[in-house]
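[1] no sequence for this one, just the structure:
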């Protein structure tokens, strides 16, 4: 099937569990970069917070040591309803109907490295949010279940956003780093003039995950608006340093992470370490924020800077963390001395909150037309593959 220009809705709900982002994008073929290349124009973006009960269910499913199969089945269905509601509301508001939907789903479990189970070793992942419900209700084909195809050819199933980064931001003269700060931090590095096979991408560590969890526990609020709480605290440098000695931060890319590494156990260990130092609640938030900033800065210095050459580097921030002014200040203080010029994704044509949803719109388009969606240089896969499965409306 020859690719044509389509309106595609991308749907994303991340590990922070705060809600749903929907991006409407016009996507079509572009011949100037060769066969199979595509272009993307963002048309609209909307965010929908989860209702309180649904957010509690999502977070409980991610962190609970045991949850019943009945609860997971119900959550799968309930998320499908929420995703369909969000797409429908976005289409109505912008008077635009999508030809195709790409729905990432809600990650319940992601094990990037092979581990033993029932006599075999394998990596695995699971995202829920019933696509058949969405497709049937909206009468629009839905692409979902993106990550497994990459994992069965040796990849980690993440990160998958680098394809969007390359399509939108590759440049012949400027090197660019696209840093998303969602629940987990992840970056894509594109050398000046580099091809898709030269893109480097990996998870840098905790993004907002620990910060948000600590805000909920210590202040009863879902997140640190503008980083105001962290700005009032002092950073416990010894705890930042001890945290960065974790094996994850020493491992070379490709690498990916999730709540398994930086969820409740990590957060409670961090809080306990801070309490031993007689930290105030504000100090705890400042230290958690500094850990996110330092993992990003050291990830760049250790793994990215050596391969970026002499071209100027534009460091572009997206995700909820890009709105945390204290975190951005910390990043600026660390990255600018390394020759990076910082921008918000909004400043370069992609609103920070829309990026991941737009990425899954692009990946859905690729799947629909049989085009590979993973970048092996980013995920560690042995070859490019078509991602996802299609549910027809």
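    Nice, thanks for sending it over. As the structure is a computational prediction, the values presented were derived from the model and not from experiment.
[2] Could you double-check that residue 198 sits in contact with residue 377?
    Yes: at 6.7 Å, residue 198 counts as touching residue 377 under the criterion of Cβ atoms under 8 Å. Backbone N, C-alpha and C define where each C-beta goes, glycine included.
[3] between these two, which one's more packed in?
    Ranked by neighbour count (other Cβ atoms under 10 Å), residue 198 and residue 377 place residue 377 first, with 18 against 15.
[4] Work out the gap between the host helix or strand of that one and the centre of the chain.
    Element membership of residue 377 [criterion: DSSP states H and E] is helix 376-379. Centroid separation for helix 376-379 versus its chain: 15 Å, with Cα atoms, centre = their mean, to the nearest Å.
[5] So which elements touch that helix?
    strand 200-206 (3 or more Cβ pairs under 8 Å, 6 or more residues apart in numbering; DSSP states H and E).
[6] for the record, mean pLDDT for whichever helix or strand comes after the strand it packs on?
    Downstream of strand 200-206, the next assigned helix or strand under DSSP H and E is helix 209-219. The average of the pLDDT scores along helix 209-219 is 97.
[7] Next secondary structure element downstream of helix 209-219?
    Counting by DSSP H and E, the next helix or strand C-terminal to helix 209-219 is helix 228-231.
[8] what comes up buried for that next one?
    229, 230, 231 (16 or more other Cβ atoms under 10 Å).
[9] Give me the residues contacting that helix.
    Identification of contacts with helix 228-231 by Cβ atoms under 8 Å, 6 or more residues apart in numbering yields 211, 215, 219, 224, 281-282, 285-286, 288-289, 324-327.
[10] Can you tell me which of those end up in helices?
    The members of these that map onto helices under DSSP state H are 211, 215, 219, 281, 282, 285, 286, 288, 289, 325, 326, 327.
[11] what's around the third one, how many residues?
    Neighbourhood size, residue 219 [other Cβ under 10 Å]: 14.
[12] Next: residue 298.
    15.
[13] Please list all residues in contact with it.
    244, 249.
[14] any chance you could read off phi and psi for it?
    phi -70, psi -30 (degrees, to the nearest 10).
[15] Now do it, the pLDDT please.
    On the pLDDT scale, residue 298 gets 98.
[16] Next: residue 173.
    pLDDT, read off for residue 173, is 94.
[17] With residue 33 instead?
    For residue 33, the model assigns a pLDDT of 48.
[18] for residue 344, same thing?
    92.
[19] now do residue 163
    96.
[20] what angle sits between the helix or strand residue 265 falls within and helix 209-219?
    Residue 265 belongs to helix 264-276 when assigned by DSSP H and E. Helix 264-276 runs at 60 degrees relative to helix 209-219, counting by axes from the mean of the first three to the mean of the last three Cα atoms, to 10 degrees.
[21] who touches helix 264-276?
    With Cβ under 8 Å, 6+ apart, helix 264-276 has contacts from 63, 206, 209-210, 213-214, 217, 236, 239, 242-243, 283-284, 287-288, 291.
[22] okay but residue 390 is in contact with residue 145, surely?
    No: in this structure residue 390 lies outside contact range of residue 145 using Cβ under 8 Å: 9.5 Å.
[23] out of the two, which sits in the more crowded spot?
    Per other Cβ under 10 Å, whichever of residue 390 and residue 145 has more neighbours is residue 145, with 20 against 15.
[24] Make sure that one is actually in contact with residue 107.
    No: in this structure, residue 145 is not within contact of residue 107 by Cβ under 8 Å, at 11.6 Å.
[25] so what sits against both of the two?
    residue 127.
[26] can you redo the ones in helices among the contacts of helix 228-231 as CSV with distance to residue 23?
    Formatted as CSV, these follow (distance: Cβ to Cβ, whole Å):
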residue, distance to residue 23
211, 24
215, 26
219, 31
281, 36
282, 35
285, 30
286, 33
288, 29
289, 27
325, 25
326, 27
327, 23
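[27] can you name the two of those residues that are farthest apart?
    Farthest-apart pair in these is 281 and 325; separation 18.9 Å (Cβ to Cβ).
[28] what stretches of the stretch 1-150 of the chain score poorly on pLDDT?
    31-36, 63-64 (pLDDT under 70).
[29] all strands of the stretch 1-150 of the chain, in order?
    6-12, 19-29, 38-49, 100-103, 106-117, 120-128, 142-144 (DSSP state E, counting those that start in this stretch).
[30] Sheet-wise, list the partners of the first one with their directions.
    So the one you mean is strand 6-12. Strand 6-12 sits in its sheet next to strand 19-29 (antiparallel), strand 100-103 (parallel), going by DSSP bridges.
[31] The longest one: which residues count as buried?
    Meaning strand 19-29. Quick answer for strand 19-29 (16+ other Cβ under 10 Å): 19, 20, 21, 22, 23, 24, 25, 27, 29.
[32] quick one: the second one from residue 178, how far?
    Going back to what we said before, that points to residue 20. 22 Å (Cβ to Cβ, to the nearest Å).
[33] most distant residue from the middle of the chain?
    residue 278 (33.7 Å; Cα atoms, centre = their mean).
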